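Q: Just to be clear, the model below is a prediction. Sequence and coordinates:
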Amino acid sequence: MSLMLYKLNASPPARTAMMVCELFKVPVKMVDVNLSKGEHFSPEYLKRNPLHTVPTLEDGDLIITDSHAIAMYLADKYGKDDSLYPKDLKSRAIVNQRLFFDSTVLFSRMRSVTVPVIIEGCKTVTEKQINDIIEAYGYVETYLSNTKFIATNNLTIADISAYAVVSSLLFIVPLDGAKFPKTQTWLNEMEKKPFAQKYNVNGAAELGALLKEKLGS
Ligand SMILES: N[C@@H](CCC(=O)N[C@@H](CS)C(=O)NCC(=O)O)C(=O)O
């Protein structure tokens, strides 16, 4: 039986889940949830996910409602080896930390812009929001100065989730490649990957266009 992934292409966490499904060749049926039509507030969707967010993964009677938890679960269930989500205790702890960094720093700084602009009709991005995003780029740069990828010297699921968000943040604050050269190189490398071409590039551009339209810029 195939799994169900409820998603929206413009959503960075949904794109993380989509890319992870692609990487692990998960037998999944992807279903669009149109947030602008309020489909995430339908009684059926709220029953599935009381947080009314995308992505939501359904695997039989198991429902997971966070992209990071989805990535961890799919890696454990479908990973052929442990390279994308190491089993070694210390490496796994670092990957987990970077996933939580994505959730609590990168994505939360993105959401602090997208909610007011897309949902509440705010027409400006404040200097504080811009500085917070630049600070977040600095954290990514520091991580990438210590290892080739964001958590270890190999690609892991932490790169997928951070990439989905950073490639979207660029539409709010372009990356200064001279100031953040490791981040620029990492982004370029990530963008070339087939899973990114298939499930990230267009969705990020869609979000960028939506932000531009809402900001009237
Ligand atoms: N921590 C969650 C965040 C998911 C999230 O906030 N998704 C946004 C779209 S990018 C959403 O569904 N927003 C609709 C809402 O909050 O009502 C994850 O990583 O999956």
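A: Nice, thanks for sending it over.

Q: For the helix ranked longest in the chain, list the C-alpha coordinates in CSV.
A: Selection of the longest helix in the chain by residue count, based on DSSP state H, yields helix 127-146. Taking Å, rounded to 0.1, in the frame of the first residue of the first chain, the C-alpha atoms of helix 127-146 are listed here in CSV:
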residue,chain,number,x,y,z
GLU,A,127,15.0,45.5,9.0
LYS,A,128,15.0,43.1,12.0
GLN,A,129,13.6,40.3,9.9
ILE,A,130,16.2,41.0,7.3
ASN,A,131,19.0,41.0,9.9
ASP,A,132,17.7,37.8,11.5
ILE,A,133,17.9,36.1,8.1
ILE,A,134,21.4,37.4,7.5
GLU,A,135,22.4,36.1,10.9
ALA,A,136,20.9,32.7,10.0
TYR,A,137,23.0,32.6,6.8
GLY,A,138,26.0,33.2,9.1
TYR,A,139,25.2,30.2,11.2
VAL,A,140,24.9,28.1,8.0
GLU,A,141,28.3,29.4,6.9
THR,A,142,29.8,28.5,10.2
TYR,A,143,28.5,24.9,10.0
LEU,A,144,29.7,24.6,6.4
SER,A,145,33.2,25.9,7.4
ASN,A,146,33.6,22.9,9.7
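
Q: can you list contacts of it?
A: The contact list for helix 127-146 (Cβ atoms under 8 Å, 6 or more residues apart in numbering) reads 98, 101, 105-106, 109-110, 112-113, 150-151, 162, 166, 169, 172-173, 175, 179-183, 185-186. For glycine as for every other residue, the C-beta is placed from the backbone atoms N, C-alpha and C.

Q: From the structure, what's the count of residues near Val166?
A: The number of residues packed near Val166 is 26, by other Cβ atoms under 10 Å.
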